[in-house]
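S.K.: Sequence and computational prediction follow.
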Amino acid sequence: MKNLIIVESPAKARTITNFLGKEYKVIASKGHIRDLPKSTFGITIDDETGDLVPKYSIPRDANPTVKELKKLAKEAETVFIATDEDREGEAIGYHIAKAIGKEPTELPRIVFHEITKTAIQHALENPRKVDMDSVDAQQTRRLLDRIVGYKLSPLLASKIQKGLSAGRVQSSTLKIVVDREREIKAFKPEEFWTIDALFQKDIDAAIYDYNGLKIDKLTIKTEADATEIVTSAKGESFTVISIEKTKRKTKTPPPFMTSTLQQAASTQLGFSPKKTMMVAQKLYEGVKTDKGTMGVITYMRTDSLNLAKEAVESAREYIKTTYGDKYLPTKAKNYATKSKGAQEAHEAIR
C-alpha cells in the first residue's frame, strides 16, 4: 500500500474506494478521535503568555480506530488527510495527524465538494496544507463551549434548579427567546376591521374609500363602522370599468445552503432538520446510480452561495444543447451570501 487516505465517514470511505486502485487504502476516522476530557476541565493557562492551553485526550471508544490508523500510517508512503472542508473537518484532520504522530502541516490535505471520480482525482492532484486558521477557530469555539458549559451549568444546578444547564449557544438563544416573549406579552392588541368584496370568482376587491375617507388597514376601528359600510355597499351597484393585466417577473431562487435546504424540506416535505441532514448526508457520501455508487450532491454543511465554475459551465452547456440559446442567459448569475462569517471557499449545495 503506497497511499493512505483518511476520511471521516465509513460510507464515504467505501464510495471513494470504488474510484481508486489498489495503491490507495481509504479508511474512516468515524468523526473526532481527540477531544477535551469528559471528567476534568481540560484547559490550563500558560504562565508566561496567559494563553488558554487545551489538554486533549483520546476517548476510550476511539482507541481501536486510532490504533488501526497508526498501523496503516506506518505502512503507507503518503498519508492524505481528506476530512470535510469546514472548520470542524479541518480540526478533525489536525487531531488525526497528532494522534498518529505526524506534524499536521506536513501531511497533504485534500478537499472535494462532491464525491465523484473526477472530483477525487482532481483533489489528489492538487493537495494543500491543513488550514491552521480554521483549526484555531474550531478550537476557540470548543474552548468556549467547555468554559461556559463546564463552569456555569453546575452553578445553575446548585443555586437555581437541579437539571438546568448553560452553554455558549443555548444561553444566547434563550436570551433571544426570552426577549421576544417579553415583547409579545407587552404588545397591546388594537381592534380593526377589513372589508373585501367578491364580484366574480376571479375578481375580488378591497374597499378604497368611504364618503371621501381613504380606508387604510387600521381605519375601520369597530364592528359598527364595518357594518355601516357593508350595509351601504350592498345597496349600491358596481361596474368594472377596466381590468389591468401586468406581467410579473419572478427571480430565480439562489442555490441551497444548509439553512435554506432545511427550510424547503420542512415546508414542502414536512422533514425535520435532522431528517433532512441525514438524507443529504447519504446523497453526499454515495448512493447507487446507473454509473455505480457515487455522491449525487455536493457537501451539505455550508453557508456559501458560491457555485463551482465547472458546474456552472456544464449547466449552461446542457441548457444550450437541450433547450437552445433562447433559454440561456447571456451570463451566469452570481449570488453573494449575507452572512459575514460565511466560509466562502465552500460551494452551495448542488
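M.R.: Cool, the structure landed. Residues are numbered from 1 along each chain as shown.
S.K.: what's the span of stretch 177-195 from first residue to last?
M.R.: Using CA to CA, to the nearest Å, the end-to-end distance of stretch 177-195 comes to 35 Å.
S.K.: buried ones in it?
M.R.: 193, 195 (16 or more other CB atoms under 10 Å). For glycine as for every other residue, the C-beta is placed from the backbone atoms N, C-alpha and C.
S.K.: outside of that stretch, which residues touch it?
M.R.: 206-207, 215, 217-223, 225-226, 229-230, 233 (CB atoms under 8 Å, 6 or more residues apart in numbering).
S.K.: Going by neighbour count, which of those are buried?
M.R.: 207, 219, 220, 226, 229.
S.K.: Give me the three-state assignment for residue 72.
M.R.: helix (DSSP: H, G, I helix; E, B strand; the rest coil).
S.K.: so what's it scoring on pLDDT?
M.R.: Looking at residue 72, its pLDDT stands at 94.
S.K.: what's the spacing between the closest residue to it other than its chain neighbours and residue 24?
M.R.: Sequence neighbours aside, residue 4 is the residue nearest to residue 72 in space, at 5.2 Å (criterion: CB to CB, 6 or more residues apart in numbering). Remark: distance between residue 4 and residue 24 (CB to CB, to the nearest Å) = 8 Å.
S.K.: Those two: which is more packed in?
M.R.: residue 4 (22 against 19; other CB atoms under 10 Å).
S.K.: Low-confidence ranges, this structure, go.
M.R.: 1, 337-345 (pLDDT under 70).
S.K.: Now the longest helix that it contains: buried residues?
M.R.: The longest helix of the chain (DSSP state H) is helix 132-159. For helix 132-159, the neighbour count (16+ other CB under 10 Å) marks 134-135, 137-139, 142-143, 146, 148-150, 152-153 as buried.
S.K.: who's in contact with the residue with the largest distance to the centre of the chain?
M.R.: Distance from the centre of the chain peaks at residue 235, with 57.5 Å (CA atoms, centre = their mean). With contact set as CB under 8 Å, 6+ apart, residue 235 has no partners.
S.K.: before we move on, the earlier item: for the buried residues of helix 132-159, could you give me CSV that also reports distance to residue 260?
M.R.: Output for the buried residues of helix 132-159, formatted as CSV (distance: CB to CB, whole Å):
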residue, distance to residue 260
134, 23
135, 28
137, 23
138, 24
139, 29
142, 27
143, 30
146, 31
148, 29
149, 29
150, 34
152, 33
153, 33
